[in-house]
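Quick one, what's the 3D model for this:
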Amino acid sequence: MKSWIKINWRWITVIVIGLLPLMIILHMINIDFSGTNESWISMNTFTMHGRRSGELSKEVSGVHMAVKETGEWAIRWLVAILSLTPIAILTGTKSRFRIRQAIGITAFVYAFLHLVFFCIDKGIMEIFKEFGSILGLIATAVMLVLAITSNKRSMKFLKKSWKKLHRLAYLAGLLAILHMALLKGGDWAPYAIILIIGLLIRSTPIRNAINRIRIRRNTAPVLT
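So this is what the prediction gives:
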């Protein structure tokens, strides 16, 4: 057990940090088996403050807050994993597979819970009534495929196709941002900017230019 923890401490750290906000979300849930209430599970009511100046606060259900919070964290972690390759290109380092795996799993967990809480709040059929909701469902389905294949066994089985498959993470990110923008679920612009910058850095001309700059710096003579 100790050796497993020693080998996988980075993976464990990311998972623990990633799921800490989930503890707050789960704290909203009340479970009562006494039979005195209509349902054995309920969620607290919260006051949501206005996002903009002059916007009034309003009372919302705990389920609604859970939908909002899980959606926000899902896109944050999705953008985080999509930023790893651009950061690696800029710094000349390689991101560890286990860290990428942990971040990807965390993003999927939040996306899945976002879908579950939405179905509890609005109902399954509500997903298909708005185009933005359908895009969110597709993004979650893509993330499911990526989470299932985010292991070395899948890498060996799929070989070169594995990298092509996991580039769909950018598609999931784009769909998630569109989902957020169309449903006015929050401030989507920063995520879109980060995603666009990441795509630009990954493009062949810019990547090659960054590599050339790094090579010149590493081979420059040192004056004594």
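
contacts, neighbours, all on C-alpha from now
OK.

burial of the closest residue to Ala66 other than its chain neighbours, as a residue count?
Counting by Cα to Cα, 6 or more residues apart in numbering, the nearest residue to Ala66 once its immediate chain neighbours are dropped is Ile25, at 6.0 Å. Burial of Ile25 is recorded as 17 neighbouring residues (other Cα atoms under 10 Å).

For the strand or helix carrying Ile25, which outside residues touch it?
When elements are defined using DSSP states H and E, Ile25 is found to belong to helix 9-26. Taking Cα atoms under 8 Å, 6 or more residues apart in numbering as the criterion, the residues outside helix 9-26 that touch it are Ile5, Ala66, Glu69, Thr70, Arg98, Ile99, Gln101, Ala102, Ile103, Thr106.

how about low-confidence regions in the chain?
By pLDDT under 70, the low-scoring segments of the chain are 1, 29-60, 220-224.

Quick one: the helices in it, in order.
Listed in chain order, the helices of the chain (DSSP state H) span 2-7, 9-26, 62-91, 97-122, 131-148, 152-158, 160-166, 168-182, 189-202, 204-219.

Flag every buried residue along the fourth one.
Residues 98-119, 121 are the ones in helix 97-122 that count as buried (16 or more other Cα atoms under 10 Å).

try stretch 198-210
In terms of neighbour count (16+ other Cα under 10 Å), stretch 198-210 has its buried residues at Gly198, Leu199, Ile201, Arg202, Ile210.
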